[in-house]
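Asks: got a predicted structure plus its sequence, pasted below:
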Amino acid sequence: MAQPLLKIENLRTYFYAHSKQAFVRSVDGVSLEVGQRETVGVVGESGSGKSITAMSVMGLISGGPGVIGGSIHYASDKVQKNLLEGLENYVQLEEGNGRVLTVKKDESGWQKASEKLMAGMRGKEIAMIFQNPRASLNPYITVGEQITEAVRLHSGISAVKEARERAIHWLERVKIDSPRLRYNSYPSGMSGGMCQRAMIAMALSSEPSLLIADEPTTGLDATIQSKIVDLLQELKNETGISTLLISHDISVITRLSDRVAVLYGGAVVEYGPASQLLDAQAGFKHPYTAALLASVPNQQKIRARANLQAIEGEVPDTINTPPGCRFYARCNQITPEIRDKCAAIHPELKDVAPGHQVRCWRFIN
Amino acid sequence: MKSIPLRILAITLLKELGLASLLLLGVSFVVFVILYAAPGDPFSVLLEGQLPSEQALAGIRAAMGAQQSWYGQYFSWLHNVLGGNFGTSLHSGLPVAGELVKVSLNTLYLTLGSMLVTLCIAVPIALYSSMRGHAVAISWPLTMLGYVFSALPVFWLGYIAIYVSVHGFDFFPLSSSGASDGNGWLYTLVPVLVLGLGSGTISEVIRYLREEMSRVMAEDYIRTERAKGASVWRHAFKEGLLLPVSEIIAAKIPFILGGAVIVEQIFNWPGMGRMAWQAAQDRDFPVIMGIALVAAIFVRVGSLIQRIVYTAVNPQGARD
Amino acid sequence: MRRSTRVKKYIQTSGEVSDFSKLPLHKKFSIPDLLYVGYGLLIVFLVLVSYVLGAFNLLPNDPQQINMDMLMAPPGTGGHLLGTDFMGRDIQSRLILGIQAYFLPGLLAIFISLSIGIVLGVLAGYRGGYAETVITYFTNLVDSFPRLVLILLVIAAFKPDIYYIMMVMGITGVPAVANAIAGKIRVLAQKNFIEAAIALGLRTRVIILKHILWYNCRALLIIQATLGMGEAILLETSLSYLGFGVQEPTPSWGNMVQSGANYFMQGNFWPSTAPALAILFTILGFNLLGDGLNNMLEGKRSR
């Protein structure tokens, strides 16, 4: 297989919770890959670390201590580098008893080194769209100008007029009606769906290699959600852009992803081809994935009048990590043979089929 | 940059002008009530130019057809004021309006200058301490210094400034003393500096600007701009600096005008504050009333400008 | 680690992950905030003690005793801890007695601002609509007058009396209180706090007095009151300079700075600087107390 466009290895991002005087391990050892022209969906409950993973890749984490370590290898035609190269030197970590005890971080040194590594990456190589598109656009500048700015920054087009035409072209491509008129609209004068289209236009206008879509449909009306997904699908086919798609909405993930990573408690618990992973009937499934799929309504279930199942228990707190599997307390598939292992040792990701990995003792012998 | 629709600006201007005139009407009424309630019937003095004796009073009033009722007095005074007739100073015998124009320009110079001083100090401190990863070792003492200057009596600061100018730089920073020798602006610099530092607003300005900037930096759209690789500063500037600065200027004009009363006194600055002090000493009602009205006009103009900046930055009411 | 001085250190508490309300004070709030508030409380305490000492005439020296042999003595000479002024009077005693000039008038100003401000603030925040428009107008009207100019107007019309002046100060302080309370109520309303209280069947009187004012606004009112006291001192100081403040020989910090300043050019700084420093430390204390408390309440951390 060719070199992946983005390869995240053992990414760790921690925050310090003042109210608890303790560290929250939002992302704790996430590893995943996004291949060329591939869409990887990242799914999980809120608090599982999906969005923090995306923000970490972009170097947008604010609030201490933030990204602690790992590596993010990026390899497009133009740029090949590790976005966290050498940054580990700025951090010292002390752990004990399943908790992080001290983190020493040279914030300014980290920031400077990180900015150097990210130079020419943000917007140009990696673009990002967010949830709540209306708040994510500058309310004081017209939508058109914001896209024009992105074009001028990254496309090598410096002439205002030309950049403007390009911006209008992109407004057209994201199917905004009368783009010339909309060019002069302020975000406050547009609907949420329209704002998200504009965001997508802005992100794609610089023709990046990777698009990170962080909950792109959250907070939009259901019908508009579906249209945004259609648009993303279409643009993906047209441009062949690689996408890291973050969503808690399984249906969005199903429609767009080639591969899927399931995040739980800051780590990947299952990673594999979308067709296998999201098929409720297929074997080799992490209990959490199974529970997640069982909690989603679909046509079959509605026809069969089956009950939807909620996942018992609460999202794990990532302050104290118990020695065993992080899903242990909520798992309903523990068999007597593996119970001891589940309680005592955190399982590794293991191949259960080609390109399909699961982090569960049931599949490790 | 697209130009802001003139129509929106015009509407704002009209609306704000209407509000301002309504407020100024209120101001004039408050002034009237205070003087009407005062002992010694100062209001008749105002309308008739001098303090008549009790016996003459009734006769004069009857002869001139002067108004007896309180609202009659108010409206005839208001009519005069609107016509530019603020009455005659009891002390100097000169028409108040002409004097007011002269002194208010001097005060305008002093207040605008000192505001500039305040902003020149407060903006860098506020921006620096609102930035992520700033050195607390630098921003904390600066903020503290702001607090100290705000807590010092401004006239004590003024005396220190005079002492330092005289003994340290060998010049006497009083505006009335020979400002004609080419570097007159030097003489005006010290009062401006003292008012800028000591009007009691600097720590509040720092705090407000810092909080607004930090708030804006945490906005979603700033995150978008960072993800886009655009200059964060360019995008944070409007909401994070331009609006708060215009707001704080408008809000602090009354305080600075109050401080100007003291500073003008110290440096013998021929402005409104000094005139107000003189008038209060002499119980020169026409003058003090005129000054109160002009000061209120200053305040209203300040907030008018603030509203216009707000509309210009924010043409569709993007944020409230 | 390259530059160890710039390294930011985050530490986890040992033992169980704690509940915020059970944390010790220095963990709950930032150290600067605690210092600010501690210093402010110390100043408030000193002011109260000085007031009592002055009221019962428990002063180290006679504040009015003129001693022509010891004019402007430096601190520590002849039993005068803080030296003497231009008439040889004991500065320390006069500083303590000077509080008398502010205390009751200041309280009057605070009382006026708070009582009217609370009523207007509750009306604006709770009722909204018509009441709010009227109150906004009133606020803008009061804000249109520079405070000192208004006071000069009142002085010209009536007489330079500290109680008149403090009444004006109280009224001009109303908008700040009213806005703070109205703002707080609006925040509470956004959180559906008030709907919830109404849905519980509480009476309006109980909601306003107990749940809004007592539980949610008391700290804010304390802050406004301390700031008001600080402003009263600064205002009296300014008026003393203008000759409309407390008149000699009754001491006030303002007239002490003012009369002492006449000897500045001769290089005699102390008689003016001592009260100026008293003002500085007191106002600083009040302001820091207000800001520190505010940060603690809002959950912000001082930088």
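Replies: Everything's here; your move. Numbering: from 1, shown residues only, chains lettered A, B, ... in the order given.
Asks: let me know the pLDDT of B:L293.
Replies: With respect to pLDDT, B:L293 scores 90.
Asks: what helices and strands are in contact with the helix or strand where it lies?
Replies: Using DSSP states H and E, the element containing B:L293 is helix B:285-313. With contacts taken as 3 or more CB pairs under 8 Å, 6 or more residues apart in numbering or on different chains; DSSP states H and E, helix B:285-313 sits against helix B:6-37, helix B:42-48, helix B:96-130, helix B:243-266, helix B:272-282, helix C:147-157. For the C-beta atoms, the positions are set from N, CA and C on the backbone; glycine is no exception.
Asks: can we see that at 10 Å?
Replies: If you count contacts as 3 or more CB pairs under 10 Å, 6 or more residues apart in numbering or on different chains; DSSP states H and E, helix B:285-313 packs onto helix B:6-37, helix B:42-48, helix B:70-82, helix B:96-130, helix B:243-266, helix B:272-282, helix C:129-143, helix C:147-157.
Asks: can you give me the buried ones in it?
Replies: B:285-300, B:302-304, B:306-307, B:309-313 (16 or more other CB atoms under 10 Å in any protein chain shown).
Asks: low-confidence ranges in chain C?
Replies: C:1-6, C:13-22, C:299-303 (pLDDT under 70).
Asks: next SSE after the longest helix along chain A?
Replies: Using DSSP state H to define each element, chain A has its longest helix at helix A:222-239. Per DSSP H and E, the first helix or strand lying C-terminal to helix A:222-239 is strand A:242-246.
Asks: just confirm yes or no for that following strand near chain B.
Replies: No. Using CB under 10 Å from any CB of the partner chain, strand A:242-246 stays clear of chain B, with a minimum separation of 12.9 Å.
Asks: off-centre distance for the following helix or strand past that strand?
Replies: Sequence order places helix A:250-256 as the next helix or strand after strand A:242-246, per DSSP H and E. Relative to the chain's own centre, helix A:250-256 is displaced by 13 Å; criterion: CA atoms, centre = their mean, to the nearest Å.
Asks: give the contact list for the residue positioned nearest the centre of chain B.
Replies: When CA atoms, centre = their mean is applied to chain B, the residue found nearest the centroid is B:I253 (3.3 Å). Listed by CB atoms under 10 Å, 6 or more residues apart in numbering or on different chains, the contact partners of B:I253 are B:111-112, B:115, B:201, B:295, B:298-303, B:305-306, C:143-144, C:146.
Asks: pick out whichever of these sits closest to chain A.
Replies: B:Q306 (16.2 Å; CB to the nearest CB).
Asks: surely the closest one meets B:A20?
Replies: No. Under the criterion of CB atoms under 10 Å, B:Q306 makes no contact with B:A20, lying 11.6 Å away.
Asks: what helix or strand is residue 111 located in?
Replies: The chain I'm using is chain A. A:Q111 belongs to helix A:107-118, assigned by DSSP H and E.
Asks: not what I meant, chain C
Replies: helix C:91-122.
Asks: coming back round to it: dump the helix holding A:Q111 to CSV, keeping only the CA atoms.
Replies: Only the C-alpha atoms of helix A:107-118 are listed here, as CSV (Å, rounded to 0.1, in the frame of the first residue of the first chain):
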residue,chain,number,x,y,z
GLU,A,107,4.6,26.5,26.3
SER,A,108,6.3,29.2,24.4
GLY,A,109,9.0,26.9,23.1
TRP,A,110,6.4,24.4,22.0
GLN,A,111,4.3,27.1,20.4
LYS,A,112,7.2,28.5,18.4
ALA,A,113,8.4,25.1,17.2
SER,A,114,4.8,24.0,16.4
GLU,A,115,4.1,27.2,14.5
LYS,A,116,7.3,26.6,12.5
LEU,A,117,6.2,23.1,11.6
MET,A,118,2.6,24.2,10.8
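Asks: and the next helix or strand past it?
Replies: strand A:126-129.
Asks: how far is that next one from where the chain is centred?
Replies: Counting by CA atoms, centre = their mean, strand A:126-129 comes out at 11 Å from the chain centroid.
Asks: packing partners of that strand?
Replies: helix A:50-58, helix A:192-205, strand A:210-214, strand A:242-246, helix B:220-228.
Asks: wait, which of those is closest to chain C?
Replies: Of all the helices and strands packed on strand A:126-129, helix A:50-58 comes closest under CB to the nearest CB, at 16.7 Å.
Asks: right, is the closest one up against chain B?
Replies: Yes. Using CB under 10 Å from any CB, helix A:50-58 reaches chain B at A:54-55, A:58.
Asks: write out the residues of the stretch 251-365 of chain A neighbouring chain C.
Replies: A:317, A:319-320.
Asks: nearest to chain C among the residues you listed?
Replies: Closest approach to chain C among those (CB to the nearest CB): A:I319, at 5.4 Å.
Asks: next, that closest one: secondary structure please.
Replies: The three-state label given to A:I319 by DSSP: H, G, I helix; E, B strand; the rest coil is coil.
Asks: how deep is the closest residue to it other than its chain neighbours tucked in, by neighbour count?
Replies: Nearest residue to A:I319 in three dimensions, chain neighbours excluded: A:A22, at 4.7 Å (CB to CB, 6 or more residues apart in numbering or on different chains). A:A22 has 23 neighbours, counted by other CB atoms under 10 Å in any protein chain shown.
Asks: A:A22 against A:N320, yeah?
Replies: Yes. Using CB under 10 Å, A:A22 is in contact with A:N320, at 8.3 Å.
Asks: SS state for A:V100?
Replies: strand.
Asks: oh, that last question was meant for A:N10, not what I typed.
Replies: Counting by three-state DSSP, the backbone at A:N10 sits in strand.
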